[in-house]
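# missing the sequence, but the structure's below:
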């Protein structure tokens with residue numbers, strides 16, 4: 001099944017820590033929703049951090065509607 005990546009952006013001097021904490025909540029959400037085999041990470045930039053969740057396309061509506069990511073993309077070749 002194709003993979004999707006969902007992204008959330010955080011800004012400011014604490015952006016990295018906020019993104020890390022957000023992904024802890026995403027882990028809890030995935031456990032409650034039965035989303036297995038997912039990956040996530042934080043990409044840090046100057047005064048900005050992006051939290052990313054990668055999971056099967058089958059979870060599109062659940063993640064989109066409940067976690068409201070700022071943007072998403074399909075992983076090609078997956």
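Yes, it's here. Remember, it's a predicted structure, so these values are computed and weren't measured experimentally.

# helices or strands up against the helix or strand containing residue 64?
Using DSSP states H and E, residue 64 sits in helix 60-67. Packed against helix 60-67 by the contact rule (3 or more C-beta pairs under 8 Å, 6 or more residues apart in numbering; DSSP states H and E) you find strand 3-11, helix 15-33, strand 48-56. For every residue, glycine as well, the C-beta is placed using N, CA and C.

# let's go with 6 Å and repeat that
Packing partners of helix 60-67 (3 or more C-beta pairs under 6 Å, 6 or more residues apart in numbering; DSSP states H and E): none among the helices and strands.

# got the angle between it and strand 3-11?
Counting by axes from the mean of the first three to the mean of the last three C-alpha atoms, to 10 degrees, helix 60-67 points 20 degrees away from the direction of strand 3-11.

# parallel or antiparallel, which strands does the very next helix or strand once past helix 60-67 pair with?
Next in sequence after helix 60-67, counting helices and strands by DSSP H and E, comes strand 71-75. Using DSSP bridges, the strands paired with strand 71-75 are strand 3-11 (antiparallel).

# so for the partner strand, mean pLDDT?
Over the span of strand 3-11, the pLDDT mean works out to 97.

# in it, what's buried?
For strand 3-11, burial by neighbour count (16 or more other C-beta atoms under 10 Å) applies to 3, 4, 5, 6, 8, 10.

# what sits up against that strand?
Strand 3-11 is contacted by residues 18-19, 48-54, 57, 63, 69-75, 78 when judged by C-beta atoms under 6 Å, 6 or more residues apart in numbering.

# distance-wise, check the nearest residue to residue 22 once chain neighbours are set aside relative to residue 77.
Distances taken as C-beta to C-beta, 6 or more residues apart in numbering place residue 51 nearest to residue 22, at 5.2 Å, with adjacent residues excluded. Distance from residue 51 to residue 77, counting by C-beta to C-beta, to the nearest Å: 23 Å.

# and these two? Which one has more around it.
Taking other C-beta atoms under 10 Å, residue 51 and residue 77 do not tie; residue 51 has more neighbours (25 against 5).

# got a list of what that one touches?
So residue 51 contacts 8, 19, 22, 23, 42 (C-beta under 6 Å, 6+ apart).
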